[in-house]
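> here is a sequence together with a model predicted from it:
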Amino acid sequence: MKNKKYDKLVKNAAGRIVPTIINGEEHVPFMGVGKYRPTGRKYGPPIPTCADYPEDGNKVVESLKEALIKAGLKDGMTISTHHHFRNGDLIANMVFDIAHELGVKDLRWFPSASFPCHEHLIQYLEDGTIHHIEGSMNGPLGKYASEGKMRGLGILRSHGGRYQAIQDGEVVIDIAVIAAPTADPFGNANGVEGDAACGLLGFALGDSQYAHKVIVVTDNLVPFPAIPWQIQGNYVDYVVKVDKVGIPEKIVSGTTQITKSPDRLLIAEMTAKFCEQTGLIYNGFSYQAGAGGTSLSIGNYFADILRKNGWKARFIRAGSNKYPVQMLEEGLVDYILDGQTFDLEGVRSMRENPNHVWTSPFTSYNYHSKGNFASMVDIVVLGATEVDLNFNANVVTHSDGYLLHGIGGWQNTLFGKTTILPIPLFRDRIPVIRDEVTTLCAPGEMIDVIVTERGIAINPLRQDLIEKAKKTDLPIKTIEQLKEEAEEICGVPEKAELDDEIIAVIKWVDGTVIDSVRKVKTK
Amino acid sequence: MDNKGIAGNIAKSDCYVEFTPRDSGGNLIKLDSKVEAYYGNHIRKLAENVLEKLGVKNSELSITDQGALDFVIAARIEAAVKKVSDTANEFLFDIREENKTPSGKSQTRFSRLYLPGNTPKLMINAGIHKPNGLILDLEDAVAPDKKHEARFLVRNALRILHFYGAERMVRINQGERGIKDLEFVIPHFPNLILVPKCESAEDIKKVNDTIDRLKRENNIDFPVWLMPIVESAKGVMEAYNIAKSAENVVAMAIGLEDYTADLGVRRTNEGTESFFARTMLVNACKAAGIQPIDSVFSDVSDMDALAENVKKSKSLGFEGMGCIHPRQIKVIHENFAPDDVEIEKAKKIYLAFKEAKAKGLGVVSLGTKMIDAPVVKRAVSTINLAVTTGKLNKNWEEDEK
């Protein structure tokens, strides 16, 4: 990989300057929502034969190192890992320790997300073991990339966009290493059993189907069959047993408690009230519940509204934890369609309750498929770091330009019927509503409502909601009014000065490049 | 010799300031700010302006900032400067027009939220929770070594903070320190002063003498109401005299933590030990025609217990309660507000009155009962309360049809 990081800049349909050659490969610039029509065929991995695999089904090899060597690990390969252990992941670090030991260089790391526990890998970015990361970069890795230190250009994709990229052959995975709380010697694996139970392995599904070589790593090897087989052994080349696959107490990370902040509770209450008074909540409705403290309390208010009216939701799209589980068990909702579990209650429910369903980015989010259920969700509640006057939103960088968050399923869920961003009007003096977002992650047409502690702004594209809100006592304002209100309190902020150099790109759900992330100016 | 002036805190929405005067070299401003990228230049300019206004020519000023707003930064700098140098000058922001709005003598005072006078983080969003009053507290919520700097912060907050319609209140310190506090408060249009540990009419007179002097000196003609807080056995025995001690005493509160300590008993949820004091206070207030206000409920996590407490309080005759957490406000409003039976009755009386007026009848009657003017007035105020507390739709008359 001795290519230029990027080349051939163009202005895309959102007016953003983006490269069309990235790490030596061609990419399509963003053309507008739903405008890009892919042609051709999906990617096909090589055809295997049973003749090459043991008849007794035992694919266990001695160590992860042996598995990687057998899988043909060499310079320039693409290696994938997954974040279902969140900040308790041990496997990604192990993989690159081995690659380093073997002297392999210029690897492309293709994680479904990275966490602070992966700070360990910075040394391998430094010494060239890893060439660049394609996946969310937050915490220390985000800082590293933002300061322009990575050899290649970072590519950030949504969960659905990651599946799409694999399926379309945009990213060809040489070796997928799937960490599994439970597996059998054949390679069947699941996340509901075992000491490191984390719920589901959906983020690894596409990798198992399309990667050239698939290694399953587990600390709970059970005799065939490991049921449920969330990952099917028929895709798997090697199975490795290790002492510990993840740190269970760190798997349950992220915010899993309802917020105690009075300001956030107020925003949550206003959001629920907005949904109730504009008729978005009805018997049989569905919603997306995030894991943040504010989202969780919105779910709580939704539960109150359902109870009060004797209604039931058809399904909750989650990030599950104990709160949606309580609703399922109380009979306030028929199904939880789960993308990842955030606490052990979520894991338990998924193991015990057939109505708590494990999904994958294929069923929920893949834009290059014959529909997905993200667009069927009635209410989607999301966060954002910045929003601009055209309702464009940013979720990956802060106003100072540093990459701090991944996209996750954020872009994919925007296709729900009504997308609401409950956000504080300013954070530590920094206003959230800007003239222009630092990084464009979603075009404004995808965002319907912004709820702040000082008022609610509705996208003018949603005249239906504007009309309905008129009949309520909700504090409806224009987004310009909200911006002025914040600036009257905080002062008008200067725009952060960023370098011209591009350090990463943001993909839209269809694989097109929607924006570039610039290098920050360091002192 | 230590000639360094220090003020502020390393905390969110606050800043920590060190000021050292020097003989030459001009003003050297060192800023380390979390919001440098957006407000760095703005903050440096502000600091220069503050120093200039205070007449500081040569100094070193270091500011460690965690997203403090201008009124906070300016208060911290001024406090630090005035710790080591004497200057009569003040750095005052233009006062917000709405922060000069007077309040009514007998307006609703169901809830009043205490804000520690030296904690800017809690001030900025307090008003959006819609308490009837916001108290900038210089007394118990401020540590003794922070009393000085809190005065500047409270003064600036009175001028600049958005109160979102809440009555602007300040709790001053006890005794002489409280009298001194008034100099930082009265020229900036507070609606109401809470006078802690009040034990006699004489205490009120002292406060009022200072208020009158400051009003005269600053050429202010603005109503400043008083809410004495009775917190001792002696105060309870003097309750009636305090309640009627001055025209501007509009309410009186009881502080049960100190009161029970004074009695040497433990404060319980049942409140048997304070029953006498509370009913005494209610009686004194009603006799003097002012509002009796109950003590704060300190378990901020238990909203059900708070609701019970408010109901009990209302049944004793109290017309409001202090709160120490924004989430308590809604519960306090809902439970002090008129209940369904009261609202229904008030609606009937009001509609009968309107009908009689439309027909040109001089006498209002409901069924076979005659209705007096004060009864109509009370019904109107009940309806207004029901509407403001969300218990009644503001278009309820249309709904009735």
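Now that the structure is in, tell me what you want to look at.
> hey, where'd the strands end up in the stretch 101-250 of chain A?
A:107-111, A:130-133, A:154-156, A:175-180, A:182-183, A:189-190, A:213-218, A:238-241 (DSSP state E, counting those that start in this stretch).
> relative to residue A:398, how far out is the residue of the stretch 301-450 of chain A found nearest chain B?
Per C-beta to the nearest C-beta, residue A:428 is where the stretch 301-450 of chain A lies closest to chain B, at 3.1 Å. To be clear about C-beta, it is placed using only N, CA and C from the backbone, and glycine gets the same treatment. To residue A:398, residue A:428 is 11 Å away according to C-beta to C-beta, to the nearest Å.
> which of those two has more neighbours?
residue A:398 (20 against 15; other C-beta atoms under 10 Å in any protein chain shown).
> ok, back up a step: and the residue of the stretch 301-450 of chain A closest to chain B, what does it touch?
Listed by C-beta atoms under 8 Å, 6 or more residues apart in numbering or on different chains, the contact partners of residue A:428 are B:12-13, B:34-35, B:66-67.
> what residues does the stretch 301-401 of chain B have near chain A?
The stretch 301-401 of chain B comes close to chain A at residues B:325-327, B:394, as judged by C-beta under 8 Å from any C-beta of the partner chain.
> cross those against helices and list the overlap.
Counting by DSSP state H, those place residue B:327 in helices.
> how about the helices in the stretch 151-300 of chain B?
Listed in chain order, the helices of the stretch 151-300 of chain B (DSSP state H, counting those that start in this stretch) span B:175-185, B:201-218, B:233-237, B:239-243, B:256-263, B:275-288.
> what packs against the fourth one?
Packed against helix B:239-243, as judged by 3 or more C-beta pairs under 8 Å, 6 or more residues apart in numbering or on different chains; DSSP states H and E, are the following elements: helix B:201-218, strand B:225-230, strand B:251-254, helix B:275-288.
> which one of these lies nearest to chain A?
strand B:251-254 (22.5 Å).
> the closest one: how far from the chain's middle?
Distance, stretch centre to chain centre, for strand B:251-254: 13 Å (C-alpha atoms, centre = their mean, to the nearest Å).
> and what of stretch A:176-185?
Counting by C-alpha atoms, centre = their mean, stretch A:176-185 comes out at 21 Å from the chain centroid.
> check stretch B:229-240 too.
That offset, for stretch B:229-240, works out to 21 Å (C-alpha atoms, centre = their mean).
> over to stretch A:413-430?
On C-alpha atoms, centre = their mean, the centre of stretch A:413-430 falls 16 Å from that of its chain.
> which positions in that stretch come out as buried?
The neighbour-count check on stretch A:413-430 (16 or more other C-beta atoms under 10 Å in any protein chain shown) flags A:413-416, A:418-426, A:429-430 as buried.
> what's the most distant pair in the residues you listed?
A:415 and A:429 (33.8 Å; C-beta to C-beta).
> follow-up on the earlier one: need the helices and strands packed on helix B:239-243 in TSV with mean pLDDT and distance to chain A, can you?
Below are those laid out as TSV (pLDDT from 0 to 100; distance: least, C-beta to the nearest C-beta, whole Å):
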stretch	mean pLDDT	distance to chain A
helix B:201-218	96	27
strand B:225-230	98	24
strand B:251-254	97	23
helix B:275-288	96	28
